[in-house]
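>>> sharing a model that was predicted from the sequence below.
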Number of protein chains: 2
Amino acid sequence: MEDVARVAGVSHQTVSRVLNNHPNVSAKTRERVEDAITELGYRRNTAARSLVTRRSQTIGVLGSEMAQYGPSHTLLGVQQAARDAGYFVSVAALREVTPETIKDAVAHFMDQGVDGIVVTVPHPGTFDVLRDITVQVPLVAVGSVGDEHLSGATVDQRQGAKLAVEHLLELGHQRIGHLSGPADWIDAAARIDGWQEALNEAGLEVGTLIEGDWSAECGYREGLKIAADRSVTALFVANDQMALGVLRAFNETGVQVPADISVVGFDDQPESAYFIPPLTTVDQDFEELGQRCIRLLLDRLDGGTTVEAATVTPRLVIRSTTAPLAH
Amino acid sequence: MEDVARVAGVSHQTVSRVLNNHPNVSAKTRERVEDAITELGYRRNTAARSLVTRRSQTIGVLGSEMAQYGPSHTLLGVQQAARDAGYFVSVAALREVTPETIKDAVAHFMDQGVDGIVVTVPHPGTFDVLRDITVQVPLVAVGSVGDEHLSGATVDQRQGAKLAVEHLLELGHQRIGHLSGPADWIDAAARIDGWQEALNEAGLEVGTLIEGDWSAECGYREGLKIAADRSVTALFVANDQMALGVLRAFNETGVQVPADISVVGFDDQPESAYFIPPLTTVDQDFEELGQRCIRLLLDRLDGGTTVEAATVTPRLVIRSTTAPLAH
DNA sequence: ATCAAAGTTGTGAGCGCTAACAATTGCATC
DNA sequence: GATGCAATTGTTAGCGCTCACAACTTTGAT
């Protein structure tokens, strides 16, 4: 910076002012400094800047299952929005979700001196842990909508689930089962709620609930059972991967989809359109979700203190695994 | 740090020595200092440390298509290995791959002062760009094996492709087509090479090559054409997603898999086992790949200067989409 | 007891930057 | 031309840490 100042014939402080867009710099001085900067290829030292400003221009993203469809796309959105806003994005992926690993990862970020944290750990227990540890920086949690203390952004999964079930109801189905995710995932819980709510509103007793684990393997296993007992005429599956397993189980056992049983998935992964048959599912925009998180976080960093929640609306995509109930 | 020193009754420098595991600190002093640290909940300031050491303890990961199966898992491996080694991981995801966006992202990392960079951009042009810009920090590129100037780690995809084709050859197939990825991806190119090599070694003339774009949609489109012309008895597809599309096209047109045409995929995504029928494919360990990258990078950071390449070996997973050629 | 060598601890400087304040300049007003 | 005020620029200190070196303490051989 001293070098730049010398070349431009000003003091180092003026260079600093140009770099920080301070208003009180004359146009010609600013130009001279900018020329000197490009001439020398000068780049400001982040560490020194951080030391004095106490800002690192870094946002930490803490998540589990980061390679899954949802989280990886959320990360993409977060990364994009953060970089556009001039922030760096640091990632900590949890192998295992326990209070300790969460605390570790938060400590990791505090050591790094991040300005804010985005958490995408879809277990409600996470929020308890986060409330317990006092984090000195703004924190936004994906899925924590409705929490008094935590800002959060989420896809309205309950609504998505209702969309799916209402579609099946309109087709005349009455016995609508649900193959859910693990009940200790907030997403799974919200989808279960939406399913139940839609059934209640239609005046139906609540149908068969099977708890799955998100995997295609589990979908296959449970699909075989359903194929055997035929307890439902329609199945709302909590994600596309399990739906894939279900479709295969039905295919193998001669259950016709959608003639015998209708199936709806959740997520709308690009592959779902090429399942056999193409899957009716609920689309959710994870990138948008990530961007919302950063917007919330930046707002907090700019002095906003309200505990807000941003909600992304899902959308039903009708393909070929759903059909009117055959009489 | 001054506070810790006061509580422990030593100088700030002794605290620093304890923190950095310097040998010349007596056991009891070290203990006193450590007690003071825990008592005060002291955490060393990374910015100040970076300022003087000129190390940020941060590794930048630069990649495109970061939400895809391969890259996201590679990131997971990188992140894990880096955090285990006490490094932070900063991510830059490219929306679009051009020399400019690559340079931007590298500049972004240089601004941040990262200690090293891992690049997972699967286009060979990337390496040219990287060679052009002189980066002042060690850089490891996924897929750059065999390059004189760039360290890299890669899955031996040529070998994987050969495994797939040899399996088909053993089953008696002679007309083995290949639905490849875009030819300007190194992975796609390596798989094409492996396919050709295996055919050559078997004394066969090179078969039908169709260039795809990795998507299920493209697999479906090309699958329909193949179903119509029946130019091949076996198809080696460059990834599982396209294979999904192919399977659906065949299913729709009444082509029996594997009775009429055998299909082999590539990647072994967890879902592939639940395709209809379950997909024979080539497994590659992306997390391992990511870990190797970090190992290479840390080696360079410790003073190693050799331009090495680490290779991860893929593995053929035989399921139900391949069968002996019917006569 | 004496000394050197090793082990241990302390002191001062400075990494590159920004914040606060001080000094200078330009410009309108009287 | 003198005066005051705002706009612009410069000066100094210090963020929290590590490095180089200085100073002190112990140890063991003489």
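Perfect, I can see it now.
>>> in chain A, which spans are strands?
A:58-64, A:88-94, A:116-120, A:139-142, A:151-155, A:176-180, A:209-211, A:234-237, A:262-264, A:281-283, A:309-312, A:315-317 (DSSP state E).
>>> nearest to DNA strand D, out of these?
strand A:58-64 (16.6 Å; CB to the nearest atom of the strand). Backbone N, C-alpha and C define where each C-beta goes, glycine included.
>>> listing partners with orientation, what would you give for that closest one?
Strands adjacent to strand A:58-64 in the sheet, as given by DSSP bridges, are strand A:88-94 (parallel), strand A:116-120 (parallel).
>>> quick revisit: so of the strands of chain A, which one's packed in deepest?
A comparison of the strands of chain A by mean neighbour count, using mean count of other CB atoms under 10 Å in any protein chain shown, puts strand A:234-237 on top with a mean of 30.
>>> quick one: mean pLDDT for it?
Average pLDDT, strand A:234-237: 98.
>>> ok, stretch A:245-258 next?
97.
>>> skip the chain neighbours and tell me the closest residue to the spatially most central residue of chain A.
Centre of chain A computed as the mean C-alpha position; nearest residue by CA atoms, centre = their mean is residue A:74, 4.3 Å away. Spatial nearest neighbour of residue A:74, excluding adjacent residues (CB to CB, 6 or more residues apart in numbering or on different chains): residue A:290 at 4.2 Å.
>>> ok, the one you found touching residue A:72?
No: checked against CB atoms under 8 Å, the pair residue A:290 and residue A:72 is beyond contact range at 10.0 Å.
>>> which one's more surrounded, those two?
residue A:290 (28 against 24; other CB atoms under 10 Å in any protein chain shown).
>>> I figured the residue nearest to the centre of chain A hits residue A:286, correct?
Yes: under the criterion of CB under 8 Å, residue A:74 makes contact with residue A:286 at 4.6 Å.
>>> what separation is there between the residue nearest to the centre of chain A and residue A:229?
Distance of residue A:74 to residue A:229, computed by CB to CB, to the nearest Å: 37 Å.
>>> what about the helices in the stretch 1-150 of chain A?
A:2-8, A:12-19, A:27-40, A:46-53, A:69-84, A:99-112, A:124-132 (DSSP state H, counting those that start in this stretch).
>>> how about the first one: buried residues?
When you say that, I think you mean helix A:2-8. A:4, A:5, A:7, A:8 (16 or more other CB atoms under 10 Å in any protein chain shown).
>>> burial of the residue lying closest to the second one once chain neighbours are set aside, as a residue count?
Going back to what we said before, that points to residue A:5. Nearest non-adjacent residue to residue A:5, counting by CB to CB, 6+ apart: residue A:12, 4.4 Å away. Applying other CB under 10 Å, we find 13 residues neighbouring residue A:12.
>>> how about the contacts made by residue A:12?
With contact taken as CB atoms under 8 Å, 6 or more residues apart in numbering or on different chains, residue A:12 is in contact with A:1, A:2, A:4, A:5.
>>> list the buried residues of stretch A:106-125.
For stretch A:106-125, by 16+ other CB under 10 Å, it's A:106, A:108-110, A:112-123.
>>> now, which of these sits nearest residue B:197?
residue A:120 (42.8 Å; CB to CB).
>>> isn't the closest one right up against residue A:63?
Yes: Residue A:120 lies in contact with residue A:63 (CB under 8 Å); the separation is 3.9 Å.
>>> who touches both of these two?
A:71, A:74, A:75.
>>> from memory the last one sits against residue B:67, does it?
Yes: with contacts counted by CB under 8 Å, residue A:75 reaches residue B:67, the gap being 7.4 Å.
>>> between the two, who's got more neighbours?
residue A:75 (28 against 22).
>>> ok, that one - contacts?
A:61, A:63, A:66, A:91, A:120, A:290, B:66, B:67, B:91, B:93.
>>> tell me the pLDDT at it?
For residue A:75, pLDDT reads 95.
>>> now do residue A:148
For residue A:148, the predicted pLDDT is 69.
>>> what does residue A:274 give?
98.
>>> quick one, what contacts it?
Residue A:274 touches B:216, B:217, B:219, B:220, B:244, B:245, B:248, counting by CB under 8 Å, 6+ apart.
>>> what would those residues look like in JSON lines with distance to DNA strand D?
Formatted as JSON lines, the contacts of residue A:274 follow (distance: CB to the nearest atom of the strand, whole Å):
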{"residue": "B:216", "distance to DNA strand D": "51"}
{"residue": "B:217", "distance to DNA strand D": "53"}
{"residue": "B:219", "distance to DNA strand D": "54"}
{"residue": "B:220", "distance to DNA strand D": "57"}
{"residue": "B:244", "distance to DNA strand D": "52"}
{"residue": "B:245", "distance to DNA strand D": "54"}
{"residue": "B:248", "distance to DNA strand D": "58"}
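>>> residue B:326: which of those is nearest?
Distance to residue B:326 across those (CB to CB) is lowest for residue B:248, with 22.1 Å.
>>> neighbours of the closest one, how many?
So residue B:248, with other CB under 10 Å, has 24 neighbours.
>>> quick revisit: contacting DNA strand C as well, which ones from the contacts of residue A:12?
By CB under 7 Å from any atom of the strand, the members of these lying near DNA strand C are A:1, A:2.
>>> report the separation between the closest residue to residue A:249 other than its chain neighbours and DNA strand D.
Nearest residue to residue A:249, sequence neighbours excluded (CB to CB, 6+ apart): residue A:223, at 2.7 Å. Separation of residue A:223 from DNA strand D (CB to the nearest atom of the strand, to the nearest Å): 57 Å.
>>> so what's the residue count around residue A:223?
31.
>>> residue A:227 now?
Neighbour tally, residue A:227, other CB under 10 Å: 18.
>>> again with the one 4 residues further on
Counted with other CB under 10 Å, residues neighbouring residue A:231 total 13.
>>> in contact with it, which residues are there?
Here residue A:231 is in contact with A:175, A:177, A:208 (criterion: CB under 8 Å, 6+ apart).
>>> residue A:164 touches residue A:264, doesn't it?
Yes: between residue A:164 and residue A:264 there is a contact at 4.4 Å, judged by CB under 8 Å.
>>> who touches both of these two?
Joint contacts of residue A:164 and residue A:264 (CB under 8 Å, 6+ apart) are A:236, A:280, A:281, A:282.
>>> which pLDDT value belongs to residue A:209?
97.
>>> I figured it hits residue A:192, correct?
Yes: with contacts counted by CB under 8 Å, residue A:209 reaches residue A:192, the gap being 6.8 Å.
>>> what touches both of the two?
Counting by CB under 8 Å, 6+ apart, the residues touching both residue A:209 and residue A:192 are A:178, A:180.
>>> tell me the contacts of the closest residue to residue A:241 other than its chain neighbours?
Distances taken as CB to CB, 6+ apart place residue A:216 nearest to residue A:241, at 4.7 Å, with adjacent residues excluded. For residue A:216, the contact set (CB under 8 Å, 6+ apart) comprises A:241, A:242, A:244, A:245, A:248, B:270, B:271, B:273, B:274.
>>> thinking again about what came up before, so which of the strands paired with strand A:58-64 is nearest DNA strand C?
Per CB to the nearest atom of the strand, nearest to DNA strand C of those: strand A:88-94, 15.6 Å.
>>> neighbours of residue A:301, just the number please.
17.
>>> for the stretch 201-327 of chain A, give me the ranges with low pLDDT.
For the stretch 201-327 of chain A, no stretch is flagged by pLDDT under 70.
>>> which ones are touching residue A:3?
Here residue A:3 is in contact with A:40, A:42 (criterion: CB under 8 Å, 6+ apart).
>>> check what pLDDT it gets.
Residue A:3 is given a pLDDT of 89.
>>> what of residue A:70?
In this model, residue A:70 carries a pLDDT of 89.
>>> hmm, it is touching residue A:285, no?
No: taking CB under 8 Å as the definition, residue A:70 is not a contact partner of residue A:285, at 10.6 Å.
>>> looking at those two, which is more packed in?
residue A:70 (23 against 18).
>>> who touches the residue lying closest to that one once chain neighbours are set aside in this structure?
In this structure, residue A:70 finds its nearest non-sequential neighbour in residue A:286, 5.3 Å apart by CB to CB, 6+ apart. The contact partners of residue A:286, by CB under 8 Å, 6+ apart, come to A:69, A:70, A:71, A:73, A:74, A:76, A:77, A:155.
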